[in-house]
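Trainee: fold the following and give me the result.
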Amino acid sequence: MQFSLTHKLVTCAAVLALALPTSAADTVTLRKSVRLAPGTKISLADIADLDGAAKTYATLEVGSTDTGAFELAIDAVRQKLAAAGADLAAIKLHGDHVVVRPSRVGSAASATATEEASGASLEEPTVRVRTAMEVTRRAEPKLIEPARFANDATPLGIASNLVGNAFGGDLESVRLAIRDEDLVKLAAKPGLRYEIVAKTALRSDRVDLEVIAYQGTKLSSRDRVRLEPRLAREVVTLSCDVRRGESIDTTNSTVESRFISPSDVERAADTATTIGARTAKALRAGTLVAADDIERPLAVRRNERIMVRREIGMVAIEFEALALEDGVTGDVIAVEQAAKGRRRDAQALSAEVIAPGRAVVR
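Mentor: Okay, the predicted model is just below:
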């Protein structure tokens, strides 16, 4: 097995050479057709004959029945297995699709039994084809643990390391939200060599990767997948609605650990200073409290005399000035150099508030 990984500022690539066996004893063989009660969940064992380690996934839910007949494609089954963590390089899937028909009840069942016993053929209803895309379209992304795949010589393992390392390398504190169809594209296939290329910044809410597969030197496939990183952080969430100016305390909020997006990590309020602070606006129950949601105390008030530092090259001077507006730490406000009497020709300066009663002209 050969593996090379190149990581640059704008793009990064991971090349994975796989020398996987071309045969496996573990098999999933789709049946031609099955009859199941309408409105029930479909397990893998309902639609396929399982052998070896594939029996582990006998109860895996692969869909649900409708009132009419439909085809469940092998791609949809493959996606469900990949999402469940199955090693698709070891498990062989046979068959193109299985036709799922509703079971007959009551008199219809009796008529069916009679006709089947007499050898008469029954006219089947129109079969609707349910594609893999249709099966997964309604599914929400699921969170996977990249630490589970970090040591796997698969595209998923390489992708997990790429994204995890971008956030400091502590894979235990990272989760990846990914849809089933993208998990399938990251599953290794026998005899293929893979190249993983980052198409967006790795430290972002949505990471797009390109999965390029080669059969020897010939291009086999090129797929785009999306991962959505989630980072473990302690956050403050509201347990009930709060009004503007209301204090946040243990009666209306909780501190908990959550896996949140990188942008939410940047926005989240510091748990150490949030409890006891007042809200800057009305917030609804369930809100993850952001730094901007907290009312910051004024560091400088209008008409207050403050000390201003002015930096000119390597020289810095300090002088007393009059604040012309309110400001919190980090705000840029207008100030005027203090004098015994306000002059009409006095020129206002812009200064950044750095602490209570202090500002700096950059």
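Trainee: check which element follows the longest strand along the chain along the chain.
Mentor: The strand that spans the most residues within the chain, counting by DSSP state E, is strand 218-238. Using DSSP states H and E, the helix or strand that follows strand 218-238 towards the C-terminus is strand 253-260.
Trainee: packing partners for that following strand?
Mentor: Contacts of strand 253-260 with other secondary structure elements, assessed using 3 or more C-beta pairs under 8 Å, 6 or more residues apart in numbering; DSSP states H and E, are made with strand 218-238. Glycine gets a C-beta too; all of them are placed from N, C-alpha and C.
Trainee: run the angle between the strand it packs on and strand 253-260 for me.
Mentor: 180 degrees (axes from the mean of the first three to the mean of the last three C-alpha atoms, to 10 degrees).
Trainee: and strand 218-238, how far out from the chain middle?
Mentor: If you compare the mean C-alpha spot of strand 218-238 with that of the full chain, they lie 4 Å apart, counting by C-alpha atoms, centre = their mean, to the nearest Å.
Trainee: that strand - contacts with which helices or strands?
Mentor: Using 3+ C-beta pairs under 8 Å, 6+ apart, the elements in contact with strand 218-238 are helix 155-166, strand 174-178, helix 180-185, strand 207-215, strand 253-260, helix 262-267, helix 271-274.
Trainee: with mean neighbour count as added columns, please give the ones you listed in JSON lines.
Mentor: Below are the helices and strands packed on strand 218-238 laid out as JSON lines (neighbours: other C-beta atoms under 10 Å):
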{"stretch": "helix 155-166", "mean neighbour count": "23"}
{"stretch": "strand 174-178", "mean neighbour count": "22"}
{"stretch": "helix 180-185", "mean neighbour count": "22"}
{"stretch": "strand 207-215", "mean neighbour count": "19"}
{"stretch": "strand 253-260", "mean neighbour count": "15"}
{"stretch": "helix 262-267", "mean neighbour count": "14"}
{"stretch": "helix 271-274", "mean neighbour count": "14"}
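Trainee: with mean pLDDT and distance to residue 87 added, can I get those in TSV?
Mentor: What follows is the helices and strands packed on strand 218-238, written out as TSV (pLDDT from 0 to 100; distance: least, C-beta to C-beta, whole Å):
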stretch	mean pLDDT	distance to residue 87
helix 155-166	92	11
strand 174-178	94	17
helix 180-185	88	13
strand 207-215	94	17
strand 253-260	94	25
helix 262-267	94	30
helix 271-274	88	40
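Trainee: would you reformat those as a markdown table and include distance to residue 319?
Mentor: As requested, these are exported to a markdown table (distance: least, C-beta to C-beta, whole Å):
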| stretch | distance to residue 319 |
| --- | --- |
| helix 155-166 | 46 |
| strand 174-178 | 50 |
| helix 180-185 | 60 |
| strand 207-215 | 50 |
| strand 253-260 | 44 |
| helix 262-267 | 36 |
| helix 271-274 | 32 |
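Trainee: between these, which one is nearest to residue 314?
Mentor: Judged by C-beta to C-beta, the one of the helices and strands packed on strand 218-238 that comes nearest to residue 314 is helix 262-267, at 34.0 Å.
Trainee: shaky segments in the stretch 1-150 of the chain?
Mentor: Counting by pLDDT under 70, the stretch 1-150 of the chain contains low-confidence residues at 1-24, 104-139.
Trainee: mind listing the strands for it?
Mentor: Secondary structure of the stretch 1-150 of the chain by DSSP state E, counting those that start in this stretch: the strands cover 3-7, 12-17, 26-30, 33-36, 41-43, 48-51, 61-64, 70-73, 91-94, 97-102, 128-130, 142-144.
Trainee: of all those strands, which lies closest to residue 173?
Mentor: So among the strands of the stretch 1-150 of the chain, strand 142-144 is nearest, using C-beta to C-beta, at 12.8 Å.
Trainee: now do that closest one: distance to the chain's middle.
Mentor: 7 Å.
Trainee: who does it pair up with?
Mentor: For strand 142-144, the pairing partners within the sheet under DSSP bridges are strand 174-178 (antiparallel).
Trainee: give me the contacts around the partner strand.
Mentor: Applying C-beta atoms under 8 Å, 6 or more residues apart in numbering, the contact partners of strand 174-178 are 141-147, 160, 163-164, 167, 186, 225-232, 259.
Trainee: that strand to helix 155-166, inter-axis angle?
Mentor: What separates the directions of strand 174-178 and helix 155-166 is an angle of 130 degrees, with the same axes, to 10 degrees.
Trainee: now strand 174-178 and strand 207-215, what's the angle there?
Mentor: 70 degrees.
Trainee: just the C-alpha atoms of strand 174-178, please, in CSV.
Mentor: As requested, the backbone C-alpha atoms of strand 174-178 are provided in CSV (Å, rounded to 0.1, in the frame of the first residue of the first chain):
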residue,chain,number,x,y,z
VAL,A,174,-14.7,16.6,16.2
ARG,A,175,-17.7,15.2,14.5
LEU,A,176,-18.5,15.2,10.8
ALA,A,177,-22.0,15.6,9.5
ILE,A,178,-22.4,13.7,6.2
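Trainee: centre of the chain versus that strand, how much separation?
Mentor: Averaged over its C-alpha atoms, strand 174-178 has a centre that lies 5 Å from its chain's centre (C-alpha atoms, centre = their mean).
Trainee: with stretch 204-220 instead?
Mentor: Taking C-alpha atoms, centre = their mean, the mean C-alpha location of stretch 204-220 is offset from the chain mean by 19 Å.
Trainee: over to stretch 62-77?
Mentor: So, by C-alpha atoms, centre = their mean, the centroid of stretch 62-77 is 27 Å from its chain's centroid.
Trainee: span of it from start to end?
Mentor: In stretch 62-77, first residue to last residue: 6 Å (C-alpha to C-alpha, to the nearest Å).
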